[in-house]
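S.K.: Turn this into a structure:
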Amino acid sequence: MRRTKIVATLGPATESAKVVEEMLLAGVDVVRMNFSHGSPEDHKARAKLVRDASIKTGKIVSILGDLQGPKIRIDRFIGGVVEIVKGDRFVLDAELDKESGTVESVGLTYKALPSEVVTGDELLLDDGRLVLVVEYVEGQRIITRVEVGGKLSNNKGINRRNGGLSAEALTEKDKADIKLAAEIDVDFLAVSFPRSAGDIEYTRELLKLAGGAAKIVAKIERAEAVVQPALDEIIRVSDVIMVARGDLGVEIGDARLPETQKMLIKRSRELNTVVITATQMMESMIENPIPTRAEVFDVANAVMDGTDAVMLSGETATGAHPAKVIRAMSSICEEAEHTTAARNSNHRMDLRFERVDESIAMAAMYVANHYDIKAIAALTESGATAKWMSRISSEIAIYALTPSEKTCRYVNLYRGVYPVFLPHKIPSPMQANRIAVEQLLNQKIVQNGDMVIVTKGDLMGINGGTNMFKMIRVGDHEIY
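M.R.: Numbering: from 1, shown residues only. Have a look, this model is predicted:
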């Protein structure tokens, strides 16, 4: 079974129930709704498509809502597109009418930009494809020299090399979309361009006020977010980290991305946080039926480094064959998981544990990796025990057995964890072992004679209550 999870973005190519069902059957675990595009009605309709497809296919699938964030953009050109030439002067004018751009100047969505740049700053447009160097600022006008020219069209993004712009992480649109996310009942909510732990905590507070219970994803895409102590602070308060390689690469430079990606995956796992690797992983498959070899290596390397999930964006949102790209990515992940790098782990071997349930999770995984264990059944309310287990690299499948549908969708993102919904709460700890083994037998996960580990708590139904594990041979009914 594939351990690495696949996140796929919805869009114009996935508007039919048939396509969404095909995506689920092809192996998608989490669908992403990009709030940068589409209306609230579009997102509500897509969420319903996903929930209906989940019921029809019998496959648990989670929903991730992705906030737009303070994307700094140019305004629009009179003709829609211009060609700017290396060496020419080009003006970014915060006071220019938003529809009046020409080959000489264009307006700005972020009116504070003139006060935040200085002579010599490099401004990167359209994901770094074009480069402007600031010569001087005159009132609300930024006079630049074109360093790298090309075609420039409406609404393209602007980044400053090495980051440092002070735009707030949450815009008014984002605050409205947080309420929408709560209404849709998304399982994960991604915060774009966070600068600090405070941005994550503020988002969680707004979501809670709106009645939402989603796990918070911090998209690491600002240069200042990958330096200490900001990085560890963000990881510690987030449920999930996304290595958002598009804007991050523009800010820190593409050459630094590989090392930074590996560092982010490693540090997230060390701090017991889930991590998604995203952006252009299978970009050529927007049109082509097979990936390039470079894309195969990219996905495989992320898997071998320990990422929980890999993400598809335009490949499924606007691509020609969403289900095919999911199957291709799934195949790459499975092969990469067989490597030694993906199976070995020294996670927290030299550290003290802080909680009883974390200690049980670590002990269970140590035994599982050093004994002939077929599967682990983690009876859980919140999914925390299963998440801790998933930080240990292993080939042993972890089944999170829970009476909570929401927890099923949370753990669906964790590497090597597979949700099993219990339609009824377990009446007593004494019956937990029997029910757990019966669930594994019913789903043909184990058979008589297999050894399994069951983790549980003395007090059932209590978050964080896991305090024991038991090794059981399936079929030895007198033991359980």
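S.K.: Near Glu41, how many residues? Count them for me, please.
M.R.: Residues near Glu41, counting by other C-beta atoms under 10 Å, number 8. Backbone N, C-alpha and C define where each C-beta goes, glycine included.
S.K.: Secondary structure class of it, three-state.
M.R.: Secondary structure, DSSP: H, G, I helix; E, B strand; the rest coil: Glu41 is helix.
S.K.: Use 682 as the first number for this chain going forward.
M.R.: Sure thing, new numbering starts at 682, so read that last one as Glu722.
S.K.: State the distance from it to Lys699.
M.R.: Per C-beta to C-beta, to the nearest Å, Glu722 is found 21 Å from Lys699.
S.K.: what's the answer for Lys1055, then?
M.R.: If you measure Lys1055 against Lys699 using C-beta to C-beta, the figure is 36 Å.
S.K.: between those two, which one's more packed in?
M.R.: It is Lys1055, of Lys1055 and Lys699, that has more neighbours when counted by other C-beta under 10 Å, with 18 against 11.
S.K.: contacting residues for the more buried one?
M.R.: Residues near Lys1055 by C-beta atoms under 8 Å, 6 or more residues apart in numbering: 1077, 1126-1127, 1131-1133, 1155.
S.K.: Same question for Ala936.
M.R.: For Ala936, the set of contacting residues under the criterion of C-beta under 8 Å, 6+ apart is empty.
S.K.: Can you tell me how far it is from Gly809?
M.R.: Going from Ala936 to Gly809 by C-beta to C-beta gives 12 Å.
S.K.: repeat for Ile839
M.R.: Distance of Ile839 to Gly809, given as C-beta to C-beta: 10 Å.
S.K.: Mind checking which of these two has more residues around it?
M.R.: Counting neighbours by other C-beta under 10 Å for Ile839 and for Gly809 shows that Ile839 has the greater number, 22 against 19.
S.K.: What's opposite the more buried one in the beta bridge?
M.R.: In this structure, Ile839 has the following beta-bridge partners (DSSP bridges): Leu806.
S.K.: next one: stretch 912-926 to chain centre, how far?
M.R.: With C-alpha atoms, centre = their mean, to the nearest Å as the basis, stretch 912-926 stands 10 Å off its chain's centre.
S.K.: Please read the previous query as pertaining to stretch 808-815.
M.R.: With C-alpha atoms, centre = their mean as the basis, stretch 808-815 stands 28 Å off its chain's centre.
S.K.: List of residues touching that stretch?
M.R.: With contacts defined as C-beta under 8 Å, 6+ apart, stretch 808-815 is touched by 765, 771, 773, 798-806, 823-831, 833, 838, 840, 927-928, 930-931, 935.
S.K.: Contact partners for the closest residue to Phe758 other than its chain neighbours?
M.R.: Distances taken as C-beta to C-beta, 6 or more residues apart in numbering place Gly782 nearest to Phe758, at 3.7 Å, with adjacent residues excluded. Residues counted as contacts of Gly782 (C-beta under 8 Å, 6+ apart) are 755-759, 763, 788, 835.
S.K.: switch the cut-off to 6 Å
M.R.: When contacts are counted by C-beta atoms under 6 Å, 6 or more residues apart in numbering, Gly782 is found next to 756-758.
S.K.: Would you mind measuring from it to Asp979?
M.R.: From Gly782 over to Asp979 the distance is 35 Å, taken as C-beta to C-beta.
S.K.: cool, and Asp1131?
M.R.: Look at Asp1131 and Asp979: by C-beta to C-beta, they are 36 Å apart.
S.K.: of these two, who's got more company?
M.R.: Of the pair Asp1131 and Asp979, Asp979 is the one with more neighbours under other C-beta under 10 Å, namely 22 against 18.
S.K.: And that one, which helix or strand is it part of?
M.R.: In this assignment (DSSP states H and E), Asp979 forms part of helix 974-986.
S.K.: what packs against that helix?
M.R.: If contacts are counted by 3 or more C-beta pairs under 6 Å, 6 or more residues apart in numbering; DSSP states H and E, helix 974-986 sits against helix 1003-1018.
S.K.: Can I get the helix or strand that contains Lys699 in PDB, CA atoms only?
M.R.: In this structure, Lys699 sits in helix 698-707 according to DSSP H and E. Coordinates of the C-alpha atoms in helix 698-707 are reproduced here as PDB (Å, rounded to 0.1, in the frame of the first residue of the first chain):
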ATOM      1  CA  ALA A 698     -19.000  14.000 -10.600                       C
ATOM      2  CA  LYS A 699     -17.500  11.400 -12.900                       C
ATOM      3  CA  VAL A 700     -14.000  13.000 -12.900                       C
ATOM      4  CA  VAL A 701     -14.000  13.500  -9.100                       C
ATOM      5  CA  GLU A 702     -15.000   9.800  -8.600                       C
ATOM      6  CA  GLU A 703     -12.200   8.800 -11.000                       C
ATOM      7  CA  MET A 704      -9.700  10.900  -9.000                       C
ATOM      8  CA  LEU A 705     -10.700   9.200  -5.800                       C
ATOM      9  CA  LEU A 706     -10.500   5.700  -7.300                       C
ATOM     10  CA  ALA A 707      -7.100   6.600  -8.800                       C
END
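S.K.: Now do it and helix 1003-1018, the angle between them.
M.R.: Using axes from the mean of the first three to the mean of the last three C-alpha atoms, to 10 degrees, the direction of helix 698-707 lies 10 degrees away from that of helix 1003-1018.
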